[in-house]
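Participant: missing the sequence, but the structure's below:
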């Protein structure tokens with residue numbers, strides 16, 4: 001099913017390589033670093049710490065999953081040329097993009113007063129996350145179940161982070 005699905009996603013293999021980049025370590029680190037720097041400069045240490053904690057701890061979720069499930073990556077597309085030697089489940093790209101870009105979307109939506117802005121933020125974030133997740137399928141580096149389950153893990157982790165942030169904001173003054 002993976003080759004059939006990857007063939008029907010309107011994204012070429014070379015575009016998928018481009019789209020997976022905002023979800024890898026080199027793509028995410030500048031996003032997180034710039035956000036943390038801006039929050040520190042704006043005297044918002046709680047938001048800076050929240051981003052660092054959300055980003056850093058999602059690695060633990062992924063590493064625990066890799067150690068526990070030890071699932072091999074597929075080699076059905078391009079003989080597995082894009083698949084690294086790491087495990088297939090969970091998809092680190094899917095978990096991190098939902099966590100980081102989801103948190104940025106939540107904070108942007110919360111800061112906006114316009115429902116149009118909130119809608120645009122939500123739709124653009126959903127599109128961005130979807131393109132990165134789809135790139136993992138087009139490249140053939142994850143089974144579809146890996147990506148779906150990893151998005152769910154990311155959403156659950158994001159919900160925990162948002163709940164923790166909300167509770168911390170009630171305790172810690174700005």
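Facilitator: Received it, and whenever you're ready, just let me know what you need. Source: prediction; values computed, not measured. Numbering: from 1, shown residues only.
Participant: for the protein, which helix is longest?
Facilitator: Counting residues, the longest helix found in the chain (DSSP state H) is helix 144-171.
Participant: Look at the nearest residue to residue 107 once chain neighbours are set aside and tell me its secondary structure.
Facilitator: Nearest non-adjacent residue to residue 107, counting by CB to CB, 6 or more residues apart in numbering: residue 47, 6.9 Å away. The C-beta positions use only the backbone N, C-alpha and C, and glycine is treated the same way. Recorded secondary structure, residue 47: helix (DSSP: H, G, I helix; E, B strand; the rest coil).
Participant: got a pLDDT number for the spatially most central residue of the chain?
Facilitator: The centroid of the chain falls nearest to residue 97 when counting by CA atoms, centre = their mean (1.2 Å). We have a pLDDT of 91 for residue 97.
Participant: That one touches residue 132, doesn't it?
Facilitator: Yes: at 4.8 Å, residue 97 counts as touching residue 132 under the criterion of CB atoms under 8 Å.
Participant: can I assume residue 53 is in contact with residue 160?
Facilitator: No: assessed by CB under 8 Å, residue 53 is found out of contact with residue 160, at 10.4 Å.
Participant: Show me what the helix or strand harbouring residue 122 is packed up against.
Facilitator: Element membership for residue 122 (DSSP states H and E) is helix 115-138. On a contact count with 3 or more CB pairs under 8 Å, 6 or more residues apart in numbering; DSSP states H and E, helix 115-138 meets helix 2-8, helix 13-20, helix 92-111, helix 144-171.
Participant: Recalculate using a threshold of 6 Å.
Facilitator: If you count contacts as 3 or more CB pairs under 6 Å, 6 or more residues apart in numbering; DSSP states H and E, helix 115-138 packs onto helix 13-20, helix 92-111.
Participant: quick check: angle from the last one to helix 144-171?
Facilitator: I take that to be helix 92-111. Counting by axes from the mean of the first three to the mean of the last three CA atoms, to 10 degrees, helix 92-111 lies at 40 degrees to helix 144-171.
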